[in-house]
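# Prediction below, plus the sequence it came from.
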Amino acid sequence: MKHVAKTIIASAVVLQISCGPATMPLDEVADNISVEHANTFSQTPWYTRSELHHGSMYQWRKASYREKRAACADYLMALQMQGMLNNNEFSTIASIDGFKPFAEALVVTVDDNLLLAKALANTEDTALTQQVIAKEVLRAAGQLGYLSTTAHLPEQTLVN
């Protein structure tokens, strides 16, 4: 039995290596970054640990600017780790501080998209609880030209 288990594990490792690393969902990667680097990032005056990574757009709407900005910085680091950011602008960024201006622009774009969605479709709070922040951040990153040409935008967002 132990031999069978070892063979299955070995096969899984070979399969993962040959197929490339499994991609974690963006919200999980961003949350992991925030948790893993909490002590380092706490030394950065503008950054505060965000709880928005697994949240809805309803929670986004209620959050402070500072929390939104920190979440966007985490998402950008996650996108960089997944190779989804445009190399021209992001390849030289090595710390959370380098993401600050891009995170600020992301906050503005996500907020603008939320206002536009509310104006166009009279989006109710119940609809906002169904919409995931990570999808809207990814969409906004695409709008701002942050994503590489191989990145895939989510199909369903607040404003299509």
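Great, that's in hand. Predicted model only: the values in this text are computed from it and were never measured.
# Give the buried residues for the longest helix along the chain.
For the chain, the longest helix by residue count, based on DSSP state H, is helix 96-121. Within helix 96-121, the residues scored as buried using 16 or more other CB atoms under 10 Å are 96, 98-100, 102-107, 109-111, 113-114, 117-118. Every C-beta, even on glycine, is put in place using the N, C-alpha and C of the backbone.
# Does anything pack onto that helix? Which helices or strands?
helix 57-62, helix 65-81, helix 133-143 (3 or more CB pairs under 8 Å, 6 or more residues apart in numbering; DSSP states H and E).
# So for residue 27, which of these sits nearest?
helix 133-143 (4.1 Å; CB to CB).
# Can you tell me which helices and strands that closest one packs against?
Packing partners of helix 133-143 (3+ CB pairs under 8 Å, 6+ apart): helix 26-36, helix 57-62, helix 65-81, helix 96-121.
# returning to that earlier point: what mean pLDDT does the longest helix of the chain get?
The average pLDDT within helix 96-121 is 88.
# Now do it: distance to the chain's middle.
Put simply, helix 96-121 sits 13 Å off its chain's centre (CA atoms, centre = their mean, to the nearest Å).
# Which secondary structure state is assigned to residue 150?
coil (DSSP: H, G, I helix; E, B strand; the rest coil).
# Can you give me the neighbour number for it?
7 (other CB atoms under 10 Å).
# which residues does it contact?
Listed by CB atoms under 8 Å, 6 or more residues apart in numbering, the contact set of residue 150 reads 83-84.
# low pLDDT regions in the chain?
Residue ranges of the chain with pLDDT under 70: 1-23, 37-42, 119-126, 151-160.
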